[in-house]
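J.: starting from these lines, generate the structure:
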Amino acid sequence: MAKTVTESKPAVLTTKIIPIIGAIFCALMVINYFANNLQIASVPQLSTVSAQIQNWVIVIANFALVVAFISLTQRQALNVKNKKRDWLFGVCTMAIMWSMVIGRIALPTTLDYNPSTWFANNIKGIGQAAMFALHGFFVVSAAMRALKVKSLILLPSAIGLILILLYLSPFGDVLWPGFTVIGQWLNDWPLQAGSRAITLGAATGAVTLGYRVVVGAERRAYGIVKRSK
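T.: Numbering: from 1, shown residues only. Alright, predicted model coming up:
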């Protein structure tokens, strides 16, 4: 007979209950935003709860950042100690990370030789520009795959993609002025709605992940304990 595996109470708490609570909090903040900005209704209690949720999100995010900082230091220090593969990158990571923290805390930020300011301007900014440049190739590859219509379900996406490309291109308006009108509508309504839905989902997941990091449920992902084979 097959054995039934039951989840422990801490596992159920971190994998099911906390994400549901995070989704409820996110829904309350969305309702409060639309109620206040569209002047549908004014609920002072809802505004108070929404403000408290935002404060707690900031607190959880800061605690998660501290835990992640310590975990990353432990992981990279272990790799350097055991001379594992690419351990030199661990040395550079810890040097830059600790220099930015110490420079921000111990030295005035107005100094030209502040390590945190120098790393932010000369390494972080350049690295972000390089990452965005590399992402451009993946965006083009994803666009080419999206244009391959293999079923009727993908047909609206391909048509919308072509219309957006014509709307953003300089020769779309020359071919037909209607491309500008249709592209503007697609950009203002379906794309904005989809991007905001993705943002809400990512925010809910970020808060849940932050809580899991704080309570220690993500120790395997950060290398604090070894993964079981």
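J.: does residue 194 count as helix, strand or coil?
T.: Here residue 194 is recorded as helix under DSSP: H, G, I helix; E, B strand; the rest coil.
J.: show me what contacts it?
T.: By Cβ atoms under 8 Å, 6 or more residues apart in numbering, residue 194 lies in contact with nothing. Using the backbone N, CA and C atoms, a C-beta is placed for each residue, glycine as well.
J.: how near is it to residue 128?
T.: Residue 194 is 24 Å from residue 128, where distance means Cβ to Cβ, to the nearest Å.
J.: my read: residue 200 touches residue 26, true?
T.: Yes - here residue 200 reaches residue 26: they are 5.9 Å apart, a contact under Cβ atoms under 8 Å.
J.: can you show me the helices along this protein?
T.: 9-12, 18-37, 44-81, 87-106, 115-119, 125-146, 155-168, 172-175, 178-188, 190-215 (DSSP state H).
J.: what's the least confident stretch among those helices?
T.: Among the helices of the chain, helix 9-12 carries the lowest mean pLDDT, at a mean of 60.
J.: what is the burial count for residue 130?
T.: 10 (other Cβ atoms under 10 Å).
J.: need the contact list for it.
T.: Contacts of residue 130 by Cβ under 8 Å, 6+ apart: none found.
J.: same deal with residue 195?
T.: Residue 195 touches nothing, counting by Cβ under 8 Å, 6+ apart.
J.: quick one, which of residue 200 and residue 26 is more surrounded?
T.: Taking neighbours as other Cβ under 10 Å, residue 200 and residue 26 compare with residue 26 leading, 19 against 15.
J.: from what I can see the more buried one touches residue 197, true?
T.: No - if you go by Cβ under 8 Å, residue 26 and residue 197 don't touch, sitting 11.2 Å apart.
J.: nice, that's everything, thank you.
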